[in-house]
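Engineer: pasting the structure only:
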């Protein structure tokens, strides 16, 4: 049977991985064990990325022709929902509203979540307000993304 000791660490006592659970209130130092583990994982991920970049190079297209008048700029896929949202606010007067005011209000809503939802549990059933807000935000982003993809596919020279 393991003896559980309480109280401060005695002078000269060393906390190791074997006896750390004897004193659950004591911790193991961050340096050097966690630093070495983080460096090892980071080095492995870097090696994988370098190998993939060498083995599967990015395809290059033809050089840019700056004199063309037929090029239609399109956003990357992760900005399509934002670009589609701007389509709902046509004209120079409404673009700042759709591009600045609404995203700022959404950011403020995300920032205010801890004060709007003080429910201590993690169940979505016990948090109907935040569950509905999160569902509506996800639905809006996915719907705008699909509308943006459809708009680009129907444009002359389509494919995103």
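Structural biologist: Received it, and whenever you're ready, just let me know what you need. Since we're looking at a predicted model, the values are computed, not measured.
Engineer: output the lowest mean pLDDT helix or strand found in this protein.
Structural biologist: Between all helices and strands in the chain, the lowest mean by mean pLDDT, DSSP states H and E belongs to helix 113-116, at a mean of 81.
Engineer: the next helix or strand after it packs against which elements?
Structural biologist: Downstream of helix 113-116, the next assigned helix or strand under DSSP states H and E is helix 128-153. Counting contacts by 3 or more CB pairs under 8 Å, 6 or more residues apart in numbering; DSSP states H and E, helix 128-153 is packed against helix 80-87, helix 113-116. Yep, even glycine has a C-beta here, placed from its N, CA and C like the rest.
Engineer: winner for burial among those helices?
Structural biologist: helix 80-87 (a mean of 18; mean count of other CB atoms under 10 Å).
Engineer: just put the helices and strands packed on helix 128-153 in a markdown table and tack on distance to residue 31.
Structural biologist: Below are the helices and strands packed on helix 128-153 laid out as a markdown table (distance: least, CB to CB, whole Å):
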| stretch | distance to residue 31 |
| --- | --- |
| helix 80-87 | 42 |
| helix 113-116 | 32 |
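Engineer: nearest to residue 138, of those helices?
Structural biologist: Closest of the helices and strands packed on helix 128-153 to residue 138 is helix 80-87, at 10.7 Å (criterion: CB to CB).
Engineer: what mean pLDDT does the helix or strand following that closest one have?
Structural biologist: Later in the chain than helix 80-87, the nearest helix or strand by DSSP H and E is helix 95-96. Averaged over helix 95-96, pLDDT sits at 86.
Engineer: just give me how far helix 95-96 sits from the chain centre.
Structural biologist: 25 Å (CA atoms, centre = their mean, to the nearest Å).
Engineer: when you give positions from now on, start the count at 204
Structural biologist: That works, and once the first residue is 204, the last one we named lands at helix 298-299.
Engineer: next helix or strand past it?
Structural biologist: helix 305-314.
Engineer: what residues does that following helix touch?
Structural biologist: 285, 288, 319, 336, 340 (CB atoms under 8 Å, 6 or more residues apart in numbering).
Engineer: the last one: neighbour count?
Structural biologist: Right, the one you point to is residue 340. Using other CB atoms under 10 Å as the criterion, residue 340 is surrounded by 13 other residues.
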